[in-house]
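Asks: Provided below for reference: sequence and predicted model.
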Amino acid sequence: MIVQLGEDQTLEEARSAALRFVLETKAPVVGHLAEAAPPRRWRPSKRLLHIERERFNHKVAMTPVVVAAIRHAMSEIFGEFRLEANLREDDKQKKAANKINAAPLAAALKKSLRPVYEEGVRSANAELGATARFVSRVDEINPTGALDALYARTLEFAREVTDREKVGIKDILLRSIADGLSGVEAGERISEYLAEGIHVNTDRALNLDSWAEMVGRTEVSQAHNDAIFAVYEAAGVAQWRFMTSEDDRTCPECEDLDGEVFDLNEGEEPPIHVLCRCTSVSVEAGYDGDDGDVLAGEGE
Ligand SMILES: [Zn+2]
């Protein structure tokens, strides 16, 4: 099951909805499985395939650092809370809930995603540098404004994540008071709640490792693709093509988009769902000297 990111849906909502996908597919998300791949609707050049593989491999290589940073930040945020969860008075509990803040997660994402973004910039520059039209302009393109946008987005995400836990804890406190529980008993309830893991909605939680893995992979993909599009924009690329990794784990939604051409700032830019591994390549006339980039059935 794949959940698309709807227009009125926040990234976090889409992530929550996509959890079933993560939980129900036990298959590893890393690595290419070439067998049983459906035939492409278009025929990418060897060079495009090389770009796609290189990007995929870079993202896989960079993901563990991001996942570890996320895991560490979340332990820091909630580990500190657990120490205070056994305090007796309810008002202290409220104070403790208010101490949960997004800063460590936002900082971890900012720091660990920066190299991913830079790799995306490098990769897009390298891709365009091989194209006659761009050859004199690339290597200088370093779209820093887009990096700020990435940071703003990750901060918003960090706030959504921590706010949800904060609301959950405060709800437990209110119910504990209504039930006439002591501070210690309320603390126990909160400890149980936190032990469930990271809550993706009010009644679903994912253990920290799985959650960090899911968020890390998706954020890596997002940062990498954001960088590529920022370079395209700065370079004046007119059109881009959606490119899947085309294997038997490519989801139907992505497969439908494989090879599709869009004007810049149009179309669904990857990643289009949680754990999406797709990328984009620029479309330029005379782009490639080998076997061309043609849609199957066209020009044959
Ligand atoms: Zn995809």
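Replies: Structure's in. What do you need? Numbering: from 1, shown residues only.
Asks: Over stretch 120-132, what's the mean pLDDT, rounded is fine.
Replies: Stretch 120-132 comes out with an average pLDDT of 84.
Asks: buried sites along it?
Replies: Across stretch 120-132, burial judged by 16 or more other Cβ atoms under 10 Å covers G120, V121, S123, A124, N125, E127, L128, T131. From N, CA and C alone the C-beta is placed, and that goes for glycine too.
Asks: Could you list which of those belong to helices?
Replies: Mapping these onto helices (DSSP state H) picks out G120, V121, S123, A124, N125, E127, L128.
Asks: The ion: which of the buried residues of stretch 120-132 is nearest?
Replies: G120 (15.9 Å; Cβ to the ion).
Asks: For the closest one, which non-adjacent residue is spatially closest?
Replies: Spatial nearest neighbour of G120, excluding adjacent residues (Cβ to Cβ, 6 or more residues apart in numbering): A227 at 2.8 Å.
Asks: got it, and E76?
Replies: Nearest residue to E76 in three dimensions, chain neighbours excluded: P104, at 4.8 Å (Cβ to Cβ, 6+ apart).
Asks: Is the one you found in contact with F78, as I believe?
Replies: No: P104 sits out of contact with F78 when judged by Cβ atoms under 8 Å, with a separation of 10.0 Å.
Asks: Need the three-state assignment for the residue in the chain sticking out farthest from the centre.
Replies: No residue in the chain sits farther from the centre than G180, which is 42.4 Å out by Cα atoms, centre = their mean. Here G180 is recorded as coil under DSSP: H, G, I helix; E, B strand; the rest coil.
Asks: From the ion, how far off is it?
Replies: 51 Å (Cβ to the ion, to the nearest Å).
Asks: Could I get the phi/psi values of that residue?
Replies: G180 adopts backbone torsions of phi 70, psi 30, taken as degrees, to the nearest 10.
Asks: what pairs with T279 across the strands?
Replies: With DSSP bridges as the criterion, T279 is bridged to M243.
Asks: thought it was touching P270?
Replies: Yes: between T279 and P270 there is a contact at 6.0 Å, judged by Cβ under 8 Å.
Asks: Overlap of the contact sets of the two?
Replies: N225 (Cβ atoms under 8 Å, 6 or more residues apart in numbering).
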